[in-house]
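1. Sharing a sequence plus its predicted fold:
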Amino acid sequence: MALFILRRLLQSLFVLLAVSVVVFCAVYAVGDPIELLVSPEASPADRQAMIIRLGLDLPLWQQYTHFLWNALHGDLGNSFVQGVPALDMILQRMPATFELVAVAIAMTCLFGIPLGLVAGLYRDTPLGRTIMGTSVLGFSLPNFWQGMMLILMFAVWLGWLPASGRGDTVSVFGVPFSFLTRDGWAHMIMPAINLALANVALVLRMTASGVAEAQSQEYVKFARAKGVRPGRIVSRHILSNILIPVVTVIGMEMGHLIAYSTITETVFAWPGMGKLLIDSVYQLDRPVVVAYVMFVTLLFVVINLIVDILYAVLDPRVRLLAPAN
């Protein structure tokens, strides 16, 4: 286990290095932030002073080496627009995104696994076919369109829920949380549903497929022949075996939601990291964009490592390292 973790950490360092090169070159090759930061009436001397202050007068390779050296010391640069550390801006928005993703993942588990279990156990009945047919909508509907329809229905027509913002928060150890207030839940429920719908459909169909396959296995048939109660067969023999790929997918989707919640956060004006990324792209705030991508890549690496370890814990037959020859 220790050797596996060490090997994955070394691989992760190479991944982070490769991502930093690609993202840095791609972001710094697009647009000129000076055009947005400096007034058109500014003198050439003022423009040049701003270029030098931001380090944009240096060659690209030298800008990257400075960025890499500072990143190794925990400094991902300062925002061109706000003038504050980019990492601080991301960390300030992180609780809002994590809270939204946590609720979306909880909805995915709460609805996706039970519905998939029912659809798999009763796949040849009208109920099972209805659940599987409806799940197709989760993959088919565009995320931004879902969000707008939710706002139109529940905020505009019915007036039940607020259309945007985070609502009231309660600070715990200096970190604001929305789920601790009723108003916060009212603001959170629509964006969380919008994030969760596609994942509910994915987990539902994976669970249903796993249940259908497990029912044809010999150990399930043998349990039935012994007279084991159907509920115990489902919980002990079927569910415990299909949870391995489901947990893997949920872990991967957690990282996916954190990284790509930008559309949902923009539609609902949720003040999270995704909204910060979109605003930074519009403003050509290069350090914030690069810092965001690096931070999210690190999260993906950590989440994938945790998922691999959980995979081995859930199924002792899985070995993290191949046996030596």
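-> Received it, and whenever you're ready, just let me know what you need.
2. Neighbours of the nearest residue to Arg182 once chain neighbours are set aside, how many?
-> Distances taken as C-beta to C-beta, 6 or more residues apart in numbering put Asp168 closest to Arg182, at 8.0 Å, once the chain neighbours are dropped. Every C-beta, even on glycine, is put in place using the N, C-alpha and C of the backbone. Per other C-beta atoms under 10 Å, the neighbour tally for Asp168 reads 15.
3. And Asp168, its phi and psi?
-> The phi/psi pair for Asp168 (degrees, to the nearest 10) reads phi -70, psi 140.
4. Go ahead and confirm it touches Met188.
-> No. Asp168 lies out of contact with Met188 (C-beta atoms under 8 Å); the separation is 11.0 Å.
5. so what sits against both of those two?
-> Common neighbours of Asp168 and Met188, using C-beta atoms under 8 Å, 6 or more residues apart in numbering, are Ser178.
6. Mind giving me the packing neighbours of the host helix or strand of Thr266?
-> If you go by DSSP states H and E, Thr266 is part of helix 262-267. Judged by 3 or more C-beta pairs under 8 Å, 6 or more residues apart in numbering; DSSP states H and E, helix 262-267 is in contact with helix 86-107, helix 143-150, helix 182-215, helix 273-282.
7. CA atoms only for that helix, dumped as PDB, please.
-> Output of helix 262-267 as PDB, limited to C-alpha atoms (Å, rounded to 0.1, in the frame of the first residue of the first chain):
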ATOM      1  CA  THR A 262     -18.800  26.700 -13.800                       C
ATOM      2  CA  ILE A 263     -22.000  26.600 -15.900                       C
ATOM      3  CA  THR A 264     -24.300  25.900 -12.900                       C
ATOM      4  CA  GLU A 265     -22.600  28.600 -10.800                       C
ATOM      5  CA  THR A 266     -22.800  31.100 -13.600                       C
ATOM      6  CA  VAL A 267     -26.500  30.400 -14.300                       C
END
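8. Contacts only, for the residue nearest to Arg182.
-> 178, 181-184.
9. and the closest residue to Gly77 other than its chain neighbours, what element?
-> Leaving aside its sequence neighbours, Gly77 sits nearest to Pro287 (C-beta to C-beta, 6+ apart; 3.4 Å). Secondary structure from DSSP H and E places Pro287 in helix 286-314.
10. go on, Ser171?
-> Taking DSSP H and E as the definition, Ser171 sits inside strand 170-172.
11. where's that strand relative to the chain centroid, distance-wise?
-> Counting by C-alpha atoms, centre = their mean, to the nearest Å, strand 170-172 is centred 23 Å from the centre of its parent chain.
12. Over to stretch 14-29?
-> Centroid displacement of stretch 14-29 relative to its chain, using C-alpha atoms, centre = their mean, is 20 Å.
13. got the buried residues for it?
-> Neighbour-count burial for stretch 14-29 flags 15, 19-20, 23-24, 27-28 (criterion: 16 or more other C-beta atoms under 10 Å).
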